[in-house]
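Visitor: Provided below for reference: sequence and predicted model.
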Amino acid sequence: MAVNHRDAYGTVEIARMLGVSPTTAVNWIRADRMPAYKTPGGHRRVKREDLVKFIRENGFPMPANLDDKTLRVLIIDDDPGVREMLCAAFVELSPPGEIVVEAAADGTTGLIEVGRFKPRVLVLDILLPGIDGFEVLRQLKNHAEISPRVLAISGSRDAEVGPAAIRAGATRFFPKPLDPMELVEAARAPVV
């Protein structure tokens, strides 16, 4: 199964994740407790798998953004009823602790949350006010380091909205009214 995550982390990011000073993270690297490499600019980077191993071996709590077992889902929809229904469906239709779900009411907030929350799956309403779903997809393409699997949704009766969403970068399209079970299964399905 392909997992969307970053490949390497800097010492400041590691320090923030583990609640220590950047100097402590650098000292772990210097003492060969945490394998690292240097970028051409001289910055230390720790591969994700080495960081996960270090965290486990030293008893730190695993940060959510490093935990492969947790599926992070972000729902962007301007309809509060749809957001609530989908959030509840993801929690209720999944084993406990398997999915963490957050929601945003508009495209601007959604893009901010994509950067902060780092979802592996994005449920995206295409017809949002302001920054619509198509613009969200364009922004995601411009930032290749952020690449959640996108499940586009829409209540539009225009038959071209679904194909246009797929062409814009969505993995799948689901017309409203939604079948919550179908959406949850699509989000949990392995990437092939």
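Guide: Yes, it's here.

Visitor: max-length helix in the protein?
Guide: Using DSSP state H, we find that the single longest helix of the chain is helix 80-92.

Visitor: Buried ones in it, by neighbour count?
Guide: Applying a neighbour-count criterion of 16 or more other C-beta atoms under 10 Å, one finds 82, 83, 85, 86, 87, 89, 90 buried in helix 80-92. Quick note: C-beta positions are derived from backbone N, CA and C, even for glycine.

Visitor: give the contact list for the fifth one.
Guide: By C-beta atoms under 8 Å, 6 or more residues apart in numbering, the residues touching residue 87 are 75, 101, 103.

Visitor: just these now: which is nearest residue 15?
Guide: residue 101 (28.1 Å; C-beta to C-beta).

Visitor: can you give me the mean pLDDT across the strand or helix carrying the closest one?
Guide: Using DSSP states H and E, residue 101 maps to strand 99-104. For strand 99-104, the mean pLDDT works out to 93.

Visitor: what angle sits between the helix or strand just after it and strand 99-104?
Guide: Using DSSP H and E, the next helix or strand after strand 99-104 towards the C-terminus is helix 107-117. Interaxial angle, helix 107-117 versus strand 99-104 (axes from the mean of the first three to the mean of the last three C-alpha atoms, to 10 degrees): 150 degrees.

Visitor: Distance from the chain centre to helix 107-117, please.
Guide: 10 Å (C-alpha atoms, centre = their mean, to the nearest Å).

Visitor: right, and residue 44 touches residue 9 too?
Guide: No. In this structure, residue 44 is not within contact of residue 9 by C-beta atoms under 8 Å, at 9.6 Å.

Visitor: These two - which one has more neighbours?
Guide: residue 9 (23 against 20; other C-beta atoms under 10 Å).

Visitor: would TSV of the contacts of residue 87 with neighbour count be doable?
Guide: Converted to TSV, the contacts of residue 87 look like this (neighbours: other C-beta atoms under 10 Å):
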residue	neighbour count
75	29
101	23
103	20
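
Visitor: distance from the centroid: which residue in the protein tops it?
Guide: residue 31 (32.8 Å; C-alpha atoms, centre = their mean).
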